[in-house]
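Novice: Quick one, structure for this:
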Amino acid sequence: MQCRFIDTGFNDAYTNMAVDEALLNCCEIPTLRIYGWKPAISIGYSQNIQKEINLEECKRLNIGIVRRITGGKAVYHDKELTYSFILPENTNLLPKDITESYRLIANALVLAIKKIGIKAEIKNQVEKFLTPICFNSSNWYELAVNNKKISGSAQRRFNGKILQHGPILMDFDHEKNALLFNSNNEMDNSNNLKKRITSLKDELRKNISYGELAEALKYGFKENFNFNIFEDSLTEEEKTFAERLRKEKYSTEEWNYRLLTKTI
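Specialist: Numbering: from 1, shown residues only. So this is what the prediction gives:
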């Protein structure tokens with residue numbers, strides 16, 4: 001089966017989330033998109049931004065904030081590569097059971113990380129405690145190295161299409177993460193974050209480039225799903241859709257700063 005591979009490079013938070021939703025609406029075949037971020041926080045669809053994010057610190061450091069259409073907890077995006085995998089449900093590549101679909105995609109991520117010399121394990125249990133920080137908690141079939149989380153994922157299904165996206169940490173600033181979130185939980189201080197979160201740089205003791213990780217991800221998805229992957233770019237329809245979403249949704253206070261319950 002064919003799969004598009006789209007590298008949209010580094011963009012602001014509003015653009016990144018707008019492109020993911022545009023692909024979710026427009027995709028006709030499996031699509032693997034990779035991208036980077038200008039420093040920003042993305043929050044889960046149902047999170048209370050005023051309660052969980054240190055807005056004053058974000059403003060001081062010029063860190064953008066955007067609400068995702070996927071659930072889960074908040075992520076500070078900086079030194080990472082984010083993947084998004086979008087496909088029609090009728091390809092039957094992923095089961096209707098969402099938890100099992102996380103496992104299948106996690107297998108592709110394990111192959112990718114192995115390609116650059118790291119053995120990652122798939123977490124098969126949910127760890128629940130009060131934290132606003134995605135990387136300080138574990139959900140079904142997320143990736144860890146030496147029992148430290150290195151990648152998280154979130155999924156949304158809409159109109160017969162599936163979107164799963166998540167960051168892979170190339171590096172991680174524990175101190176900054178501790179500052180950017182409102183938490184009274186001792187587990188969220190920088191010392192505990194160091195015990196629970198790792199990155200490619202931490203494990204390899206060297207920097208891995210965006211390009212190296214991009215090629216590894218392409219390999220992992222190709223091998224795991226037996227794809228014929230070809231490089232592609234956004235169509236004019238996808239670009240136009242994303243531009244409208246950025247302007248009318250993702251850059252608005254209504255979307256980002258109010259706790260929403262309406263559908264996307």
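
Novice: going forward, measure contacts between C-alpha atoms and count neighbours the same way
Specialist: OK.

Novice: Walking through the stretch 101-250 of the chain, point out its helices one by one.
Specialist: Remark: helices assigned in the stretch 101-250 of the chain by DSSP state H, counting those that start in this stretch are 174-180, 190-196, 200-204, 210-225, 236-245.

Novice: tell me which residues in the third one are buried?
Specialist: If I follow you right, that is helix 200-204. Neighbour-count burial for helix 200-204, with 16 or more other C-alpha atoms under 10 Å as criterion, is recorded at 200, 203.

Novice: List of residues touching it?
Specialist: By C-alpha atoms under 8 Å, 6 or more residues apart in numbering, the surrounding residues in contact with helix 200-204 are 117-118, 150, 169-171, 206-208.

Novice: nearest to Gly72, of those residues?
Specialist: Ile150 (15.8 Å; C-alpha to C-alpha).

Novice: and that closest one, how many residues sit next to it?
Specialist: 25 (other C-alpha atoms under 10 Å).

Novice: same thing with Leu169?
Specialist: Taking other C-alpha under 10 Å as the neighbour definition, Leu169 ends up with a count of 23.

Novice: Got the confidence number for it?
Specialist: Leu169 carries a pLDDT score of 97 in this model.

Novice: My guess is it contacts Ser199. True?
Specialist: Yes - look at Leu169 against Ser199 with C-alpha atoms under 8 Å: they come within range, at 4.9 Å.

Novice: Now do the shared contacts for those two.
Specialist: Each of Ile150 lies in contact with both Leu169 and Ser199 under the rule C-alpha under 8 Å, 6+ apart.

Novice: about what we covered before: of all the helices of the stretch 101-250 of the chain, which lies closest to Thr82?
Specialist: Taking C-alpha to C-alpha as the measure, the helices of the stretch 101-250 of the chain were each checked against Thr82, and helix 210-225 came out nearest at 9.5 Å.

Novice: quick one: buried residues of that closest one?
Specialist: By neighbour count, with 16+ other C-alpha under 10 Å as the criterion, the buried positions of helix 210-225 are 210, 213-214, 216-222, 224-225.

Novice: Now tabulate those in CSV and tack on distance to Gln155 and pLDDT.
Specialist: As requested, those are arranged in CSV below (distance: C-alpha to C-alpha, whole Å; pLDDT from 0 to 100):
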residue, distance to Gln155, pLDDT
Tyr210, 23, 97
Leu213, 21, 98
Ala214, 20, 98
Ala216, 22, 98
Leu217, 18, 99
Lys218, 20, 98
Tyr219, 22, 99
Gly220, 19, 99
Phe221, 17, 99
Lys222, 20, 99
Asn224, 19, 98
Phe225, 18, 98
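
Novice: Please tell me how far the helix or strand of the chain with the lowest mean pLDDT is from the chain's geometric centre.
Specialist: Sorting the helices and strands of the chain by mean pLDDT, DSSP states H and E puts helix 190-196 at the bottom, at a mean of 78. Relative to the centre of its chain, helix 190-196 is centred 21 Å away, using C-alpha atoms, centre = their mean, to the nearest Å.

Novice: That one packs against which elements?
Specialist: Using 3 or more C-alpha pairs under 8 Å, 6 or more residues apart in numbering; DSSP states H and E as the contact criterion, the elements in contact with helix 190-196 are strand 148-151, helix 174-180.

Novice: Deepest in the core, which of those is it.
Specialist: Ranked by average neighbour count under the criterion mean count of other C-alpha atoms under 10 Å, the helices and strands packed on helix 190-196 are headed by strand 148-151 at a mean of 25.

Novice: Tell me the helices and strands packed up against it.
Specialist: In terms of contacts (3+ C-alpha pairs under 8 Å, 6+ apart), strand 148-151 is packed against strand 143-145, strand 161-169, helix 190-196.
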